[in-house]
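*Asks:* Mind folding the following:
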Amino acid sequence: MAKRGVKGLGSFKDNPDGTVTYRKGVGLKDDGKRKTLTVTAQNRVVCMRLMKEKEEAWHEKKYRTVITDQDTVEELCTRHLYFQMRGEELKPKSADRREITIRNQIGKFPIGKMRVLSVTSADIEAHINSLIKKDLSVSSIKKALDVLNAAYEWGMTRGDLTSNPVRIIKKAVMKRLAKIETRSESEADVIVLSEDEEALFEDECLKLWSNGRYRYAGGLYGRLLLHTGMRVGELISLRWRDFDSQNGLLTINKSTSMVLNRNKKDGENNYKAVEGTTKNQKARVLQLSDTARNDLALIFEANPGNRDDLICRSKNGNPYTATMLEHCMATIYKKLGFDSEISGLHVLRRTFATRMYDSGAGVKEIAAYIGDLESTTMQYYIAARKKIKVGTTTKQFVPIPTNKRNTSY
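*Replies:* Numbers count the residues shown, from 1 in each chain. Okay, the predicted model is just below:
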């Protein structure tokens, strides 16, 4: 039977022949699975020495950045990612997303196994065609293209590579992807709740059971997302000290995300919560609408807390996660019979931004309120076309512009 060593230092097993086998977890492999090293020697002291050597060799191989003619495209992209992680160029969540892109949109395709120096622009274009045929979202394809381009540019900057096959065709590929995004009269440019759907959602979140408890544990949190335009990571980081109830102000200066536990030890989860700065690394103080202030009052009434307590937490005090809220909102959407295209939590943020725009707010002011860039806000958060039903058909029409302003937002 294996005997555990000091926590985090693996386990030893005495073999029938008198030798000792030492097993130790040393982190995660590129595919996110645990990496365990094993050595066998005549005693524990020798095992420890051999394990140290083997562990150093594994880490050296994993984080090696020298690009050779034997490296594959997947290895190039992975080494560039680790380089960015060591230099703290990426937030943990961004690193996780990029790793997923490398694994799913590059490593699982022929180009991922091609030698770095043999790849041509025609190979890159063929890869993009493969992604398009897989019916992946334009966003996913763009991410794969960006990862490939960044990795090759990094190799050129280091002097290991002399050319970047992505650079020549990137502009043309981006134009092609833009055409794919062109919407028909029934497709939304930005998916948001209609005014009727918004009203139904607000009411559903407030429904109670016969015992007076809210039907949906996260319903009030969903309303607060809808009425503030916050990101879910910002919401689950909030504490009561961030809310100035007297003046109706809410300070947003941090965000929590679930990221891969890259140094996982025995008994720990594969993912861990990490609190950091907001996405654009800027704090902001929001003047809340009366509706949002009422949401916070209802949340406090349902689950009172001290200044240092999280606003978004369960009855037993455990913090909420984005996944928990997503499941709750999915239940509400399904109960209300919403279209399948309405999903996730970001639809609430987009709806808030669109309502501000409809009420006469400028893009600059909206971007500042939701904590994003003007260009991103206009492209991804504001629906200029509105959904209407014409018989059994859904159409997206453009209403007559108005200068009306609504200060309730």
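*Asks:* how about residue 182, secondary structure?
*Replies:* Using DSSP: H, G, I helix; E, B strand; the rest coil, the secondary structure recorded for residue 182 is coil.
*Asks:* Check the gap between it and residue 236 for me.
*Replies:* As judged by CB to CB, to the nearest Å, residue 182 and residue 236 stand 36 Å apart. Quick note: C-beta positions are derived from backbone N, CA and C, even for glycine.
*Asks:* Neighbour count: those two, which is higher?
*Replies:* Counting neighbours by other CB atoms under 10 Å for residue 182 and for residue 236 shows that residue 236 has the greater number, 26 against 8.
*Asks:* would you list every one of the helices in the stretch 51-200 of the chain?
*Replies:* Counting by DSSP state H, counting those that start in this stretch, one finds helices in the stretch 51-200 of the chain at the ranges 73-86, 92-101, 110-113, 121-133, 138-158, 167-180, 195-205.
*Asks:* For this protein, which residues score under the pLDDT cut-off?
*Replies:* 1-8, 28-33, 60-66, 184-186, 402-409 (pLDDT under 70).
*Asks:* May I ask you to confirm that residue 354 is in contact with residue 192?
*Replies:* Yes. If you go by CB atoms under 8 Å, residue 354 and residue 192 touch, sitting 4.8 Å apart.
*Asks:* quick one, which of these two is more surrounded?
*Replies:* residue 192 (26 against 21).
*Asks:* Could you list which residues are in contact with the more buried one?
*Replies:* Residues in contact with residue 192 (CB atoms under 8 Å, 6 or more residues apart in numbering) are 347, 350, 351, 354, 383.
*Asks:* Over to residue 81?
*Replies:* 90, 95, 98, 99, 102.
*Asks:* where does the third one sit relative to residue 39, distance-wise?
*Replies:* Relative to residue 39, residue 98 is positioned 33 Å away (CB to CB).
*Asks:* In this structure, which residue is most central in space?
*Replies:* residue 93 (6.0 Å; CA atoms, centre = their mean).
*Asks:* who does the closest residue in space to that one that isn't next to it in sequence bridge with?
*Replies:* What sits nearest to residue 93 in space, not counting adjacent residues and going by CB to CB, 6 or more residues apart in numbering, is residue 257, at 4.2 Å. Beta-bridge pairing of residue 257 under DSSP bridges involves residue 274.
*Asks:* I'd like to know how far residue 222 sits from residue 361.
*Replies:* 22 Å.
*Asks:* Then residue 9?
*Replies:* Distance, residue 9 to residue 361, using CB to CB: 57 Å.
*Asks:* Looking at the two, which is more packed in?
*Replies:* Neighbour comparison, residue 9 and residue 361: the larger count goes to residue 361, with 19 against 15 (by other CB under 10 Å).
*Asks:* can you tell me which residues contact the residue lying closest to residue 90 once chain neighbours are set aside?
*Replies:* Nearest-residue entry for residue 90: residue 84, 5.0 Å, with adjacent residues in sequence omitted and distances by CB to CB, 6+ apart. Contacts for residue 84 (CB under 8 Å, 6+ apart) come out as 90, 95, 98.
*Asks:* just residue 399 next, same as before
*Replies:* Contacts of residue 399 by CB under 8 Å, 6+ apart are residue 386.
*Asks:* and it, helix, strand or coil?
*Replies:* coil.
*Asks:* JSON lines for the contacts of residue 84, including distance to residue 54?
*Replies:* Supplementary listing: the contacts of residue 84 in JSON lines, determined by distance: CB to CB, whole Å:
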{"residue": "90", "distance to residue 54": "29"}
{"residue": "95", "distance to residue 54": "26"}
{"residue": "98", "distance to residue 54": "28"}
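*Asks:* Weed out the non-buried ones from the residues you listed.
*Replies:* 95, 98 (16 or more other CB atoms under 10 Å).
*Asks:* What is the nearest of the contacts of residue 84 to residue 171?
*Replies:* residue 98 (22.1 Å; CB to CB).
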